[in-house]
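Student: Any chance you can model this:
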Amino acid sequence: MKLLAPSILSADGARLGAEIAAVEKAGADWIHVDVMDGRFVPNITLGPAMIAALRKTTGLPFDVHLMVEDPDRYIESFAAAGADYITVHVEAAGHLHRTLELIRKSGKKAGVSLNPATPLVSVEEIIADIDLLLIMSVNPGFGGQQFIAGSLSKIRRAAGMIAGLAQKPLLEVDGGVQLQNIASVAEAGADVLVAGAAVFGASDYAATIKALKAAANGT
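Tutor: Okay, the predicted model is just below:
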């Protein structure tokens, strides 16, 4: 079963709690939370205090994606704020294995993300030690971008790497996922589909999430 994780980056910032409650009621599986520091990416979003407040609005897993430099500085605070998964970028972590250990010591699931131009070989040595591998199918920093078509090949190759492991991390895809391409992304091997504008830009969240999940699961 493929999971759908609406990204609150595309939600109405004036009513985030209500937006999260609405997509939970509409059938979302996870809530994807993009954290940006204005340095690793050219945008600034939520901090731990806001995530702690939003944590009170839902029981759904919080999938916290740290698009920040020096992520080790923030892991404990985001863990305390209520993250369930904490994902860091291979491009931002100077000592990735140590960073993953810190996430696990904080009691959370550990994920690693790759930008579109970053090759899969960069996670070859640690892929057996992670809970989630996130493939970015847009350049990170902003919502509403178009899916990079070449990402499908990368997703397939990532799925192939995972298939040979005894302990398989979830394969997540984030960026430009919408009704027109979600079936192809799922077929390529994605387990978790992040959708921001495709969900929060729709007038009917329930109908949209139902259609996205049906397309992803081939039902």
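Student: make it CA atoms for all contacts and neighbour counts henceforth
Tutor: Fine.
Student: which SSE is T208 in?
Tutor: T208 is located in helix 205-217, with elements delineated by DSSP states H and E.
Student: That helix - contacts with which helices or strands?
Tutor: strand 3-6, helix 16-26, helix 182-188, helix 197-200 (3 or more Cα pairs under 8 Å, 6 or more residues apart in numbering; DSSP states H and E).
Student: A53 should be in a helix, yeah?
Tutor: Yes. The secondary structure assignment for A53 places it in a helix, going by DSSP: H, G, I helix; E, B strand; the rest coil.
Student: how about the nearest residue to A159, chain neighbours excluded?
Tutor: Distance criterion Cα to Cα, 6 or more residues apart in numbering; nearest residue to A159, sequence neighbours excluded, is G189 at 5.4 Å.
Student: residue ranges for the strands of the chain, please.
Tutor: Residue ranges of the strands in the chain, as given by DSSP state E, are 3-6, 31-36, 62-67, 85-89, 109-114, 132-136, 170-174, 192-195.
Student: Sketch out the low-pLDDT regions of the chain for me.
Tutor: In the prediction, the chain carries residues with pLDDT under 70 at positions 141-142, 144.
Student: give me every residue that touches I8.
Tutor: 16, 20, 31-34, 196, 200 (Cα atoms under 8 Å, 6 or more residues apart in numbering).
Student: That should have said V185, apologies.
Tutor: If a contact means Cα under 8 Å, 6+ apart, then V185 has 152, 155, 173, 177, 216 as its contacts.
Student: Throw together a PyMOL command that grabs the buried residues out of the residues you listed.
Tutor: Selecting only the buried members of the contacts of V185 in PyMOL, with burial defined as 16 or more other Cα atoms under 10 Å, works like this:
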select buried, resi 152+155+173+177+216
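Student: Include distance to Q146 when you put the contacts of V185 into JSON lines, please.
Tutor: What follows is these, written out as JSON lines (distance: Cα to Cα, whole Å):
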{"residue": "L152", "distance to Q146": "13"}
{"residue": "I155", "distance to Q146": "16"}
{"residue": "V173", "distance to Q146": "13"}
{"residue": "V177", "distance to Q146": "8"}
{"residue": "A216", "distance to Q146": "18"}
